[in-house]
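Peer 1: How does the following fold in three dimensions:
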Amino acid sequence: MKTEADSGKKEGQGAQENDRPTLKTIAFMTGLGVTTVSRALKDAPEIGIETRKRVQLIARQVGYRPNRAGVRLRTGKTNVIALVLNTQDEIMGFTSHVIHGVSEVLADTQYHLIVTPYSHSKDPMEPIRYIVETGSADGIIFSRAEPDDPRVRYLTEHNVPFATHGRTDMGIEHPFHDFDNYSFARDVVARLVERGRRRLAILTPPAHLTYYGHMVSGFFDAVRESGGTGTILPGIDIDAPLEILRQRTEAIMRRSDRPDGIVCGSSASAIATVAGLEAAGLRLGSDVDVASKQSSDILPWFRPELIVVDESFKLAGRKLAQAVLARIGGADPGSLQSIG
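Peer 2: Model prediction:
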């Protein structure tokens, strides 16, 4: 038996559902047809720019949100971009900066961002397969590209638009944004040499990542030109736990043949390296110099003596979002590649 309270509850629920703004709501408020409103919200070029702006402004004002389930049924699209990130990338804000950059680009589109994290100890193919097999995104962005990357091959074979943070060496044209790690290493070695450093060492990215080769090549090319000596710090890379980096650096810097100049591939590893050399009783800028990339302004605050080169992860996020959207739109992948 339906009670009065039950009736009121159901009526209230129905009212809430019916109060949700729809295309008809916007059409009524603008005096336009539903089809025109729909196309204006999608930035269709056949709709005048002023009309598009007016429709989109009203949609934001009334809190219109497309029904994603309905969109998928009608178009086969999800209006979702998936950002797949290794949880290790959160150190020193990589994740937040990339998300910020991607979100800036998507803000004025119909696309929504979902972030799919995975552990560096897991198979990086797992989240990619899940997204493709469930059809949960129209495009994918992922980081930590490898020279022969199975994710690139898989997504290419399945015709899924994607963009990578980093390049590959597998002969498959695909969208990417990368930092010039070769030039970074060359430039900071030159700056270390200018400070009189001759015994140089580099703390590298993991060897399975593409930019390891770029950075190491730049380092050794510059070392050879300088006439000094260079080595890769053994048994550690920038993905190692920070305490391990600190301990290992301390042990290396207590040796008689210690380096007097160190190149670090990340901000966090630079901080651990400085902590290790200071634990060994050495002074930064006097006994040894350290050069590093950074994605924020924290390193000069930490130690002004550091040699610092900026790498913008926010820029990377913007470039990757632009690339994957253009790829969804049918642009040639070879035209969607940037380094900076």
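
Peer 1: Just name the shakiest helix or strand of this structure by mean pLDDT.
Peer 2: Least confident helix or strand of the chain, by mean pLDDT, DSSP states H and E, is helix 4-18 with a mean of 43.

Peer 1: what's the helix or strand just after it packed up against?
Peer 2: Toward the C-terminus, helix 4-18 is succeeded by helix 23-30 as the next helix or strand (DSSP states H and E). Here helix 23-30 touches helix 34-41, helix 49-62, going by 3 or more CB pairs under 8 Å, 6 or more residues apart in numbering; DSSP states H and E. C-betas here are computed from N, CA, C, even on glycine.

Peer 1: Point out the most buried one among those helices.
Peer 2: Comparing the helices and strands packed on helix 23-30 by mean neighbour count (mean count of other CB atoms under 10 Å), helix 34-41 ranks first with a mean of 19.

Peer 1: For it, output the C-alpha coordinates as CSV.
Peer 2: This file holds the C-alpha atoms of helix 34-41, laid out as CSV (Å, rounded to 0.1, in the frame of the first residue of the first chain):
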residue,chain,number,x,y,z
VAL,A,34,17.6,21.3,-30.0
THR,A,35,19.8,20.2,-33.0
THR,A,36,21.4,23.6,-33.2
VAL,A,37,22.1,23.6,-29.5
SER,A,38,23.6,20.1,-29.6
ARG,A,39,25.9,21.1,-32.5
ALA,A,40,26.9,24.4,-30.8
LEU,A,41,28.0,22.5,-27.7
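
Peer 1: picking up where we left off before, how about JSON lines for the helices and strands packed on helix 23-30, with distance to Arg255 and mean pLDDT added?
Peer 2: Output for these, formatted as JSON lines (distance: least, CB to CB, whole Å; pLDDT from 0 to 100):
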{"stretch": "helix 34-41", "distance to Arg255": "65", "mean pLDDT": "87"}
{"stretch": "helix 49-62", "distance to Arg255": "62", "mean pLDDT": "88"}
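
Peer 1: could you dump those helices to JSON lines with distance to Val263?
Peer 2: Output for these, formatted as JSON lines (distance: least, CB to CB, whole Å):
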{"stretch": "helix 34-41", "distance to Val263": "49"}
{"stretch": "helix 49-62", "distance to Val263": "47"}
